[in-house]
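[1] following is a predicted model, sequence given first.
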Amino acid sequence: MSIEVKGLTKIYGEQKAVDNISFTVNKGEIVGFLGPNGAGKSTTMKIITGYLEQSEGDAFVCGTNVKAQPINTKKKIGYLPEANPLYYEMYVKEYLGFVADVHGVGNKQSTIGKVIDLVGLTPESKKTIGQLSKGYKQRVGLAAALIHEPEVLILDEPTTGLDPNQIIEIRDVIKNLGRDKTILFSSHILQEVEAICDRVIIINKGKIVADDKVSNLQNANKNNHIVFVQFKENVEESLIKSLQEVSNAEQLATGNWKLETSNPESVRKQLMQLTLQHNLNIVSLQSGEQSLEEVFRSLTS
């Protein structure tokens, strides 16, 4: 396995930012690392990359203990932190050349050209970093993480500041890299995680609350069906709450409800009966499995 975390704990004063967590990530896996702000995601990533020392436990990268051999593990890791540190006065190629020299990269110019093309920096490659948009600055950080061809990539919010088209482009880059690298990345864009990952780890208040395939998490409990119903009229909450086998009802807008249920077929029939009994009109009626966003909310709220 490329990443192994055992009993990892990080304490700041009296607060446990990370509380005795363990997980593994194998070569070729792209794993989403999710959690609300302050849950311990970035702290865990900093420990794995050797930028922060844990209070207890161990982290291994490609079988090497990060704490015992931090320099050796850094050679195997490409890291894009959430706060992307860049030298704004340097030109793009100049900066990537500097990072390549730090890592002792051979065939430097060829390697720089390769990563620039890979992350889509070619149109902006002759500018200083300070002249770039936030999205292109993020691409420079990603290129720097890739310059030494690491075995493991740790990406903390890699699509921050990108527009929808750029997000899709970087998503494709990550998926292609995942064919022969191990990738652990965090994101608040859960649709992006669903599109890239087969597996997610969810951390909340320093503890891991889920570690499984996305499909398994979506089907983890019996009440995992969602029914969306939109009425033409405003409907009294008491009528909605009178429906049987509805575990939770949330009004999204006037006449628009989201219902959680273990029996969507029964709920749809009850809704149709409701329209006949109270002279109501249904504009739309849809059902489906829980989205990753809904799973995330249920585990971290």
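    Noted; the coordinates are in hand.

[2] so what's the residue nearest the centre of the chain closest to, chain neighbours aside?
    The residue lying closest to the centre of the chain (CA atoms, centre = their mean) is residue 187, at 3.0 Å. Setting aside the residues directly before and after it, residue 187 is nearest to residue 193 in space (CB to CB, 6 or more residues apart in numbering), at 5.5 Å. From N, CA and C alone the C-beta is placed, and that goes for glycine too.

[3] pretty sure residue 23 sits against residue 209.
    No - the pair residue 23 / residue 209 is not scored as a contact, 11.9 Å apart, by CB atoms under 8 Å.

[4] between the two, which has more neighbouring residues?
    When residue 23 and residue 209 are compared for neighbours, residue 23 comes out ahead with 19 against 16, by other CB atoms under 10 Å.

[5] that one and residue 175, how far apart?
    Distance of residue 23 to residue 175, given as CB to CB, to the nearest Å: 21 Å.

[6] next one: residue 2
    Applying CB to CB, one obtains 17 Å for the distance of residue 2 from residue 175.

[7] who has more neighbours, those two?
    Each of residue 2 and residue 175 has its neighbours counted (other CB under 10 Å); residue 2 has more, 22 against 14.

[8] so where's the stretch 151-300 of the chain uncertain?
    In the prediction, the stretch 151-300 of the chain carries residues with pLDDT under 70 at positions 218-224, 288-290.

[9] mind listing the helices for the stretch 201-301 of the chain?
    214-218, 237-241, 264-278, 292-300 (DSSP state H, counting those that start in this stretch).

[10] which one of the ones you listed lies nearest to residue 59?
    Put simply, out of those the one that sits nearest residue 59 is helix 292-300, at 23.3 Å, with distance taken as CB to CB.

[11] buried stuff in the closest one?
    292, 294-296, 298-300 (16 or more other CB atoms under 10 Å).

[12] for the residue nearest to residue 142 when sequence neighbours are not counted, give me the pLDDT.
    In this structure, residue 142 finds its nearest non-sequential neighbour in residue 119, 5.0 Å apart by CB to CB, 6+ apart. Confidence per residue is given as pLDDT, and for residue 119 that number is 88.

[13] ok, residue 119 - contacts?
    Shown in contact with residue 119 (CB atoms under 8 Å, 6 or more residues apart in numbering): 139, 142-143, 146, 170, 173.

[14] do the same with residue 187
    Residue 187 makes contacts with 32, 34, 157-159, 193, as judged by CB under 8 Å, 6+ apart.

[15] dihedrals phi and psi, it?
    phi -160, psi 150 (degrees, to the nearest 10).

[16] distance check, residue 5 against residue 68.
    If you measure residue 5 against residue 68 using CB to CB, the figure is 15 Å.

[17] same question for residue 239.
    On the measure of CB to CB, residue 239 and residue 68 end up 64 Å apart.

[18] mind checking which of these two has more residues around it?
    Between residue 239 and residue 68, counting by other CB under 10 Å, residue 239 is the more crowded of the two (14 against 10).

[19] might one say that the more buried one is in contact with residue 274?
    Yes - using CB under 8 Å, residue 239 and residue 274 qualify as a contacting pair, with a distance of 6.3 Å.

[20] which parts of the stretch 51-200 of the chain are helices?
    Secondary structure of the stretch 51-200 of the chain by DSSP H, counting those that start in this stretch: the helices cover 70-76, 92-103, 108-118, 134-146, 164-177, 190-196.

[21] of the ones you listed, which is nearest residue 85?
    Judged by CB to CB, the one of the helices of the stretch 51-200 of the chain that comes nearest to residue 85 is helix 134-146, at 8.0 Å.

[22] so which elements touch the closest one?
    Helices and strands touching helix 134-146, as assessed by 3 or more CB pairs under 8 Å, 6 or more residues apart in numbering; DSSP states H and E, comprise strand 77-80, helix 92-103, helix 108-118, strand 152-156, helix 164-177.

[23] the shortest one pairs with which strands, parallel or anti?
    The reference is to strand 77-80. Partners of strand 77-80 in the sheet, by DSSP bridges, are strand 152-156 (parallel).

[24] verify the stated contact: residue 299 with residue 209.
    Yes - using CB under 8 Å as the test, residue 299 is close enough to residue 209 to be in contact (4.8 Å).

[25] overlap in contacts, those two.
    residue 202.

[26] just the buried ones from the contacts of residue 119, in ChimeraX syntax?
    Those of the contacts of residue 119 that count as buried under 16+ other CB under 10 Å are selected in ChimeraX with:
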select :139,142,143,146,170,173
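
[27] ok so, going back, reformat the helices of the stretch 201-301 of the chain as JSON lines; add distance to residue 123.
    Conversion of the helices of the stretch 201-301 of the chain to JSON lines gives the following (distance: least, CB to CB, whole Å):
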{"stretch": "helix 214-218", "distance to residue 123": "34"}
{"stretch": "helix 237-241", "distance to residue 123": "52"}
{"stretch": "helix 264-278", "distance to residue 123": "48"}
{"stretch": "helix 292-300", "distance to residue 123": "33"}
